[in-house]
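1. Just the structure for this:
(chains A and B)
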Amino acid sequence: MRYLTARKRAEGKGAAGTGTEHFWYMKMSGVGLAIITPVFLVAFGRALGGDRAEVLDAFSHPAMAILTGLVIFFGLRHYAGGAQTMIEDYAHGMTRRALIIGVTVLSYGMIATGLFALAKIAL
Amino acid sequence: MAETDLARTEQVERPLSPHLQIYRPQLTSITSILTRITGNALIVAALLIVWWLLAASTSDAYFAMANAVLTSWFGDLVMTLSLWAIWYHYLAGLRHFYFDAGKGLDIPTAEKLGWGCIIGSVVLTVITLFLV
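-> Here you go, the predicted model:
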């Protein structure tokens, strides 16, 4: 038995059940992405269009590999969070749950694939 | 009699509210929905880039195929539109931080910020294209 009143347990959790966690994650990842994305856009744009040797050379640089890894991880987590908000606005019941599971699986699958490719290139 | 009147009332076709044929879209609502559209549409570019990286890490033949898709005219179109989408989403996100602070919520300011997102995203897209 926890010495908490029902009100204390409910406080701050709201309709989502997780309180402001989702909202805060979107803000936090948004700030982080705002810092790294402009650098990535230029670095990626310069790498795109080269032959395979040039591309492997560009992405095997530690700074480029770390930057791309961060953009892939936080970009896709941020995507999953945003897509979930959209799904929660337009879909209901089982469809909602299935779609949320779908975008979560998709985003983690893409993160794993992207990081695997980066590791293979850079290491 | 009252019952038939009620039944008849139910069959009358009434316009939906807001009635789409006379609904005038506002800059604030358009710039808001564009944030969602651009953010979600960026999954296409993300899929292409992750696939391209996987192909680069795998073999010459696989890279040649993925690279041909990304650097084709269609690939260029998708990448350029995605570049605009990411800059738009970026500026709209910054606007949301400003809104979250409780600022810029009056209509004239919100509309100016909306134009800022639209014009700014095009300018930043062109600058990025010059840099790469």
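2. can you list the residues of chain B near chain A?
-> Selection of chain B residues close to chain A by Cβ under 8 Å from any Cβ of the partner chain yields B:36, B:39-40, B:42-43, B:46-47, B:49-50, B:52-54, B:56-57, B:60, B:63-64, B:67, B:70-71, B:79, B:83, B:86, B:90, B:93-94, B:96-97, B:100, B:128-129, B:131-132. For every residue, glycine as well, the C-beta is placed using N, CA and C.
3. which of these are buried?
-> B:36, B:39-40, B:42-43, B:46, B:49-50, B:52-54, B:56-57, B:63, B:67, B:70, B:79, B:83, B:86, B:90, B:93-94, B:128 (16 or more other Cβ atoms under 10 Å in any protein chain shown).
4. Can you pull the poorly scored residue ranges out of chain B?
-> Across chain B, the ranges flagged by pLDDT under 70 are B:1-11, B:15-20.
5. Could you pull out the helices in it for me?
-> Per DSSP state H, chain B has helices spanning B:2-11, B:27-58, B:60-70, B:73-100, B:107-131. These are given in chain order.
6. For the one residue in chain A that gets nearest to chain B, give me its contacts.
-> Relative to chain B, the nearest point of chain A is residue A:45 (2.9 Å; Cβ to the nearest Cβ). The contact partners of residue A:45, taken as Cβ atoms under 8 Å, 6 or more residues apart in numbering or on different chains, are B:83, B:128-129, B:131-132.
7. The residue in chain B that chain A sits nearest to - nearest residue in space that isn't next to it in sequence?
-> Per Cβ to the nearest Cβ, the residue of chain B with the smallest distance to chain A is residue B:132, at 2.9 Å. Computed as Cβ to Cβ, 6 or more residues apart in numbering or on different chains, the closest residue to residue B:132 that is not its neighbour in sequence is residue A:45, at 2.9 Å.
8. right, and the secondary structure at the one you found would be what?
-> Applying DSSP: H, G, I helix; E, B strand; the rest coil to residue A:45 yields a three-state assignment of helix.
9. For residue A:57, see how far away it is.
-> Applying Cβ to Cβ, to the nearest Å, the value for residue A:45 to residue A:57 is 16 Å.
10. And residue B:36, by the same measure?
-> Computed with Cβ to Cβ, the distance linking residue B:36 and residue A:57 is 38 Å.
11. and what of residue A:69?
-> Summarising the geometry, the distance separating residue A:69 from residue A:57, computed by Cβ to Cβ, is 17 Å.
12. roughly how far is stretch B:28-48 from the heart of the chain?
-> The chain centroid and the centroid of stretch B:28-48 are separated by 3 Å, computed with Cα atoms, centre = their mean, to the nearest Å.
13. Oh, that last question was meant for stretch B:46-60, not what I typed.
-> Averaging C-alpha coordinates over stretch B:46-60 and over its chain gives two centres that are 25 Å apart (Cα atoms, centre = their mean).
14. Identify all contacting residues around that stretch.
-> The contact list for stretch B:46-60 (Cβ under 8 Å, 6+ apart) reads A:44, A:48, A:52, A:55-56, A:59, A:68, A:72, A:75-76, A:79, A:110, A:113-114, A:116-118, A:120-121, B:62-63, B:65-67, B:69-70, B:75, B:78-79.
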